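Chemist: No letters, just coordinates:
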């Protein structure tokens, strides 16, 4: 993305203003009453962050039955291909920025031009504001924002992955704004190569490996290899053998003595990485099927050296309670991300020096070293990540369960992750 393009940077979790409307004067967008020039820039997005949502008011042609039934037309004459393309690009730019767009319906031309985006626009609308601690309205809003970002950032201009269509043909003067489908991509066009990611994980809890590997196996939009450090656990352990049996992706096992510091195990494992990027993975946490793809996406729009998620959702296993903390903002530049989500280029990892041979605070030490060396660290949303917390003695990050209850914005009984995790 070019500098100044709209991105999710600065997304606001809790809106403070009234809902707004996206309308058009010809192809020129009007954002919550403020005229803007196309193409939109990052500066155009800033005033929209406080809005619960932006309702799309579709432009209509003069003199049509649809326009007469709904009031004065917003276009001064028959809309053409340029106007249609401008409207669509404005909507896509707002979606790329994560602005919570919504619409009562989607006209036929929009459904033809980008059916996926059209469906997303009509799938959500902001509800009444509820200031109670138990409200999930802000969470549902952010989930919708993420789905819009994913679609707009990962798909071409014709709404299909990797494809870009040409300008539409102008409709007749008596017809509503219309856009025929973009031309099909030739069958001979090769699909773009998937990014290659080396997932680095160390475990001394073989009973958790089956779940961890299953979550890695379901990652979408990436090509994955796994480097697994067995920390004090032999590869012959029955739980290890059971977990790796039938695992469909490339897998390398590295055995390490229990006395080896945790950081050293991770570094030895990471040294075998062959992917373009390295992703840290914790054996006891939960990850969405698009966790890695979301990190790749965040790096693409931020230009960061290291990306990771906010630590938002925690499952407090002894209490059987899920909590969400929102004191760590997301879509921001920072010096801290959740350790189990650290993601960086393999070359950058080696340039920084990798994981240090310490037993605790391994992730924090890597981030501290990287930040001191001038690496730019970006923290994206954490909707697709849940950290498991047992008693403090069972984790290298030693905080009592009461701490997570104290700092939480939401608490639910049972395992209640975001819908982005796709557990149902």
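Modeler: Received, thanks. These figures come from a predicted structure and were not determined experimentally.
Chemist: Neighbours of residue 220, how many?
Modeler: 12 (other CB atoms under 10 Å). (C-beta placed from N, C-alpha, C; glycine too.)
Chemist: Secondary structure element holding the spatially most central residue of the chain?
Modeler: Per CA atoms, centre = their mean, the C-alpha nearest to the average position across the chain is that of residue 294, at 4.0 Å. Secondary-structure assignment from DSSP states H and E places residue 294 in helix 291-302.
Chemist: Just checking: what are the partner strands of the very next helix or strand once past that helix?
Modeler: Where DSSP H and E defines the elements, the next helix or strand beyond helix 291-302 is strand 306-309. When sheet partners are counted by DSSP bridges, strand 306-309 sits next to strand 343-345 (antiparallel), strand 377-380 (parallel).
Chemist: so where do the helices sit in this structure?
Modeler: Assigned by DSSP state H, the helices in the chain fall at 42-45, 65-70, 81-96, 108-113, 115-121, 137-154, 209-217, 238-244, 262-270, 291-302, 346-352, 362-372, 401-407.
Chemist: which stretch among those helices comes nearest residue 326?
Modeler: Nearest to residue 326 among these is helix 137-154 (8.2 Å), distances taken as CB to CB.
Chemist: For residue 49, give its distance to residue 268.
Modeler: 44 Å (CB to CB, to the nearest Å).
Chemist: before we move on, what about residue 112?
Modeler: Counting by CB to CB, the gap from residue 112 to residue 268 is 54 Å.
Chemist: thinking again about what came up before, could the helices of the chain go into JSON lines alongside distance to residue 193 and mean pLDDT?
Modeler: Formatted as JSON lines, these follow (distance: least, CB to CB, whole Å; pLDDT from 0 to 100):
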{"stretch": "helix 42-45", "distance to residue 193": "29", "mean pLDDT": "98"}
{"stretch": "helix 65-70", "distance to residue 193": "44", "mean pLDDT": "38"}
{"stretch": "helix 81-96", "distance to residue 193": "22", "mean pLDDT": "90"}
{"stretch": "helix 108-113", "distance to residue 193": "27", "mean pLDDT": "92"}
{"stretch": "helix 115-121", "distance to residue 193": "22", "mean pLDDT": "97"}
{"stretch": "helix 137-154", "distance to residue 193": "15", "mean pLDDT": "96"}
{"stretch": "helix 209-217", "distance to residue 193": "20", "mean pLDDT": "98"}
{"stretch": "helix 238-244", "distance to residue 193": "26", "mean pLDDT": "97"}
{"stretch": "helix 262-270", "distance to residue 193": "23", "mean pLDDT": "97"}
{"stretch": "helix 291-302", "distance to residue 193": "13", "mean pLDDT": "98"}
{"stretch": "helix 346-352", "distance to residue 193": "16", "mean pLDDT": "98"}
{"stretch": "helix 362-372", "distance to residue 193": "27", "mean pLDDT": "97"}
{"stretch": "helix 401-407", "distance to residue 193": "41", "mean pLDDT": "85"}
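Chemist: I'd like to know which of those helices is closest to residue 378.
Modeler: helix 291-302 (4.2 Å).
Chemist: which strands and helices sit next to that closest one?
Modeler: Helix 291-302 sits against helix 137-154, strand 196-203, strand 277-280, strand 306-309, strand 343-345, strand 377-380, with contacts defined as 3 or more CB pairs under 8 Å, 6 or more residues apart in numbering; DSSP states H and E.
Chemist: Return the most buried member of those.
Modeler: strand 306-309 (a mean of 27; mean count of other CB atoms under 10 Å).
Chemist: So what touches that one?
Modeler: Outside strand 306-309, the residues within contact range by CB atoms under 8 Å, 6 or more residues apart in numbering are 294-295, 298-299, 330, 337-339, 341-344, 348, 367, 370, 375-382, 384-385.
Chemist: Now do residue 374 against residue 306, distance only.
Modeler: 11 Å.
Chemist: cool, and residue 154?
Modeler: 21 Å.
Chemist: what sits against the nearest residue to residue 368 once chain neighbours are set aside?
Modeler: For residue 368, ignoring the flanking residues on the chain, the nearest one in space by CB to CB, 6 or more residues apart in numbering is residue 335 at 7.5 Å. By CB under 8 Å, 6+ apart, the contact set of residue 335 is 367-368, 371, 377.
Chemist: repeat for residue 371
Modeler: 335, 377.
Chemist: ok, back up a step: ok, residues contacting the helix holding residue 294?
Modeler: By CB under 8 Å, 6+ apart, helix 291-302 touches 1, 5, 7-9, 96, 146, 149-150, 153-154, 195, 197, 199, 219-222, 224, 277, 279, 288, 304, 307-309, 333, 341, 343, 376, 378, 380-381, 384-385.
Chemist: could you dump the helices of the chain to JSON lines with distance to residue 232?
Modeler: Shown next, in JSON lines, are the helices of the chain (distance: least, CB to CB, whole Å):
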{"stretch": "helix 42-45", "distance to residue 232": "49"}
{"stretch": "helix 65-70", "distance to residue 232": "69"}
{"stretch": "helix 81-96", "distance to residue 232": "46"}
{"stretch": "helix 108-113", "distance to residue 232": "56"}
{"stretch": "helix 115-121", "distance to residue 232": "47"}
{"stretch": "helix 137-154", "distance to residue 232": "38"}
{"stretch": "helix 209-217", "distance to residue 232": "14"}
{"stretch": "helix 238-244", "distance to residue 232": "12"}
{"stretch": "helix 262-270", "distance to residue 232": "9"}
{"stretch": "helix 291-302", "distance to residue 232": "27"}
{"stretch": "helix 346-352", "distance to residue 232": "24"}
{"stretch": "helix 362-372", "distance to residue 232": "16"}
{"stretch": "helix 401-407", "distance to residue 232": "26"}
